[in-house]
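Colleague: Following is a predicted model, sequence given first.
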Amino acid sequence: MAEPGKKRKSEPHGCKWADNYDIFSSEFTDDPFSLWDKMREGGCPVAHSDLWGGSWMPVEYDDIRQIARDPERFSSRAVEVGGPVPRPGGGLFIPPLTSDPPEHRSYRRLLQPYFTSQKIAELEPFVRKEARILSEGLAERGEGDAVGDFARHLTIAVLTRLLGVPRDNEERFIDWMVRLVRIGPQDQRVRNAVVREILDYFKILFAERRENPGDDLVSYVATTTAEINGRPLSEKDRLGMCFLILIAGADTTWSAIGASLWHLATYPEDRKRLVAEPDLMTSAVEELLRVYAPVTIARIAKEDVELHGRCIHAGERLILPFAAANRDPKVFEDPNEIRIDREKNRHITFGWGAHRCLGAGLAKLELRVSLEEWLRAMPDYYLTDPENITWSGGQVRGPNRVDFKVGERVDA
């Protein structure tokens with residue numbers, strides 16, 4: 001990556017074949033890995049698209065990691081991968097995710113107490129109980145959708161527990177996530193409507209918790225007297241932080257769980273090995289997170305930058321597909337091969353540097369417990385329609401449905 005101010009070369013015409021990628025097309029969402037491999041092999045490690053508000057997409061591990069941890073040249077003020085790039089000071093404000101130094105550290109420290117190792121460990125009995133109830137129910141039924149009947153329910157149950165809100169919010173939360181993350185980038189009217197609904201929801205919650213505070217995260221954010229760089233927290237700060245907790249802990253986690261259950265149905269040898277060797281679960285979770293990393297995040301260039309001979313101008317968006325970084329052959333041996341016993345695994349599924357996902361530990365807990373309880377209840381299961389699995393795209397990639405039946409497939 002060129003240093004700031006260095007004279008830029010003319011853009012290489014040899015990369016134009018990779019441009020105008022469509023991150024929401026079925027071709028891309030079903031198999032982005034082929035394009036990323038072709039870009040690396042073809043000497044075009046960064047491409048540009050005018051679609052969905054415009055973006056640049058690097059695909060190499062070192063580039064993505066460096067951009068993710070370089071706030072001097074790449075701002076986190078707008079992390080959405082589609083839609084118009086907002087002006088500075090505009091856009092969706094969800095700190096600490098959309099914060100740059102020095103404010104970022106203060107916001108992160110404010111939320112950190114709810115994501116310590118101890119807090120996450122305290123949640124495990126609840127997560128396990130929910131996963132067991134759901135998986136045993138599906139085992140008894142004999143079939144279902146691993147996403148809609150399991151992963152979503154579990155993830156939202158944990159989220160409602162963390163926020164301290166009733167479980168009857170589940171359908172509302174799922175609807176918000178689908179409209180915001182999956183439809184919103186392609187339809188700004190839908191996105192804006194969901195943003196207003198979520199903010200109005202938390203405004204009402206704040207008023208209730210200030211009257212009757214509890215030990216939940218919403219009460220904490222609503223009532224804390226903490227300051228950000230010497231100034232009191234504003235209502236915008238408080239709303240933005242709760243907004244972030246809601247969206248960061250939902251679609252991302254249920255997509256990771258859904259992709260992992262899809263994988264274990266598609267590759268029964270891995271499933272059978274995990275059942276026979278449960279000590280492999282920790283490395284299997286890391287490997288599944290590597291190969292099916294669900295999140296793509298955006299950064300905004302703060303100045304003109306040259307990247308592999310291509311000119312990225314100040315104010316332009318770069319999207320960072322962490323799954324592309326995790327399949328870079330310069331870093332991972334046989335990167336497209338899934339090895340549940342992989343020992344060296346430096347994946348960046350949860351980002352890198354100061355912005356590494358605050359809830360990474362909780363997400364890993366949910367995925368590990370999900371697989372343990374699912375395989376305990378259903379050591380054998382198979383996809384009922386494997387040829388018609390579709391995947392969401394854009395900000396979060398995961399299977400839309402994973403229809404399955406319990407038992408071993410018997411071919412006709």
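Modeller: Ah, there it is.

Colleague: can you pull the contacts of Met156?
Modeller: To be clear, residue 156 is Ile; Met isn't right here. Applying Cβ atoms under 8 Å, 6 or more residues apart in numbering to Ile156 gives the contacts 169-170, 173-174, 250, 254. The C-beta positions use only the backbone N, C-alpha and C, and glycine is treated the same way.

Colleague: so how far is Leu367 from it?
Modeller: In this structure, Ile156 and Leu367 are separated by 15 Å, where distance is defined by Cβ to Cβ, to the nearest Å.

Colleague: Secondary structure element holding His263?
Modeller: Assessed by DSSP states H and E, His263 sits inside helix 251-266.

Colleague: name the helices or strands packed onto that helix?
Modeller: Applying 3 or more Cβ pairs under 8 Å, 6 or more residues apart in numbering; DSSP states H and E, we find helix 251-266 packed against helix 152-163, helix 268-276, helix 281-291, helix 360-377, strand 381-383.

Colleague: and that helix, how far from the chain's centre?
Modeller: Between the centre of helix 251-266 and the centre of its chain there are 12 Å (Cα atoms, centre = their mean, to the nearest Å).

Colleague: And that helix, what's buried?
Modeller: In terms of neighbour count (16 or more other Cβ atoms under 10 Å), helix 251-266 has its buried residues at 251-265.

Colleague: same thing with stretch 85-103?
Modeller: In terms of neighbour count (16+ other Cβ under 10 Å), stretch 85-103 has its buried residues at 85-86, 91-100.

Colleague: Same check on stretch 127-142?
Modeller: When neighbours are counted by 16+ other Cβ under 10 Å, the buried residues of stretch 127-142 are found to be 127-128, 130-132, 134-135, 138-139.

Colleague: Output those residues as a markdown table; include the columns distance to Ala293.
Modeller: Compiled in a markdown table, those are given as follows (distance: Cβ to Cβ, whole Å):
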| residue | distance to Ala293 |
| --- | --- |
| Val127 | 21 |
| Arg128 | 25 |
| Glu130 | 24 |
| Ala131 | 22 |
| Arg132 | 27 |
| Leu134 | 24 |
| Ser135 | 24 |
| Leu138 | 26 |
| Ala139 | 29 |
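
Colleague: before we move on, back to that, between the helix holding His263 and helix 281-291, how many degrees?
Modeller: Counting by axes from the mean of the first three to the mean of the last three Cα atoms, to 10 degrees, helix 251-266 points 110 degrees away from the direction of helix 281-291.

Colleague: In the sheet, which strands lie alongside the helix or strand of the chain with the lowest mean pLDDT, parallel or antiparallel?
Modeller: Taking mean pLDDT, DSSP states H and E as the measure, the helix or strand of the chain with the lowest value is strand 227-228, at a mean of 91. Within its sheet, and counting by DSSP bridges, strand 227-228 is paired with strand 231-232 (antiparallel).

Colleague: now for the contacts of Ile156, which pair is the farthest apart?
Modeller: Set against one another by Cβ to Cβ, those have their most distant pair in Asn169 and Trp254, with a gap of 15.2 Å.

Colleague: ok so, going back, out of the contacts of Ile156, which end up buried?
Modeller: A residue is treated as buried here by neighbour count (16+ other Cβ under 10 Å); on that basis the buried members of the contacts of Ile156 are 169-170, 173-174, 250, 254.

Colleague: For stretch 105-120, which residues meet the burial criterion?
Modeller: The neighbour-count check on stretch 105-120 (16+ other Cβ under 10 Å) flags 106-108, 110-111, 114-115, 120 as buried.

Colleague: Next: stretch 181-196.
Modeller: Of the residues in stretch 181-196, those buried by neighbour count under the rule 16+ other Cβ under 10 Å are 181-182, 184-185, 190-191, 194-195.

Colleague: distance between the ends of it?
Modeller: Start to finish, the residues bounding stretch 181-196 are 14 Å apart (Cα to Cα, to the nearest Å).

Colleague: average pLDDT for it?
Modeller: The predicted model gives stretch 181-196 an average pLDDT of 93.

Colleague: ok, residues contacting that stretch?
Modeller: Stretch 181-196 is touched from outside by 24, 52, 80-84, 92, 176, 179-180, 247, 251, 392, 394-396, with contacts defined as Cβ under 8 Å, 6+ apart.

Colleague: from the residues you listed, which ones fall inside helices?
Modeller: When DSSP state H is applied, these are split such that 176, 247, 251 fall in helices.

Colleague: Ser135 belongs to a helix?
Modeller: Yes: when DSSP: H, G, I helix; E, B strand; the rest coil is applied, Ser135 is found to be in a helix.

Colleague: For it, which residues are in contact?
Modeller: Ser135 makes contacts with 150, 373-374, 376-378, as judged by Cβ under 8 Å, 6+ apart.
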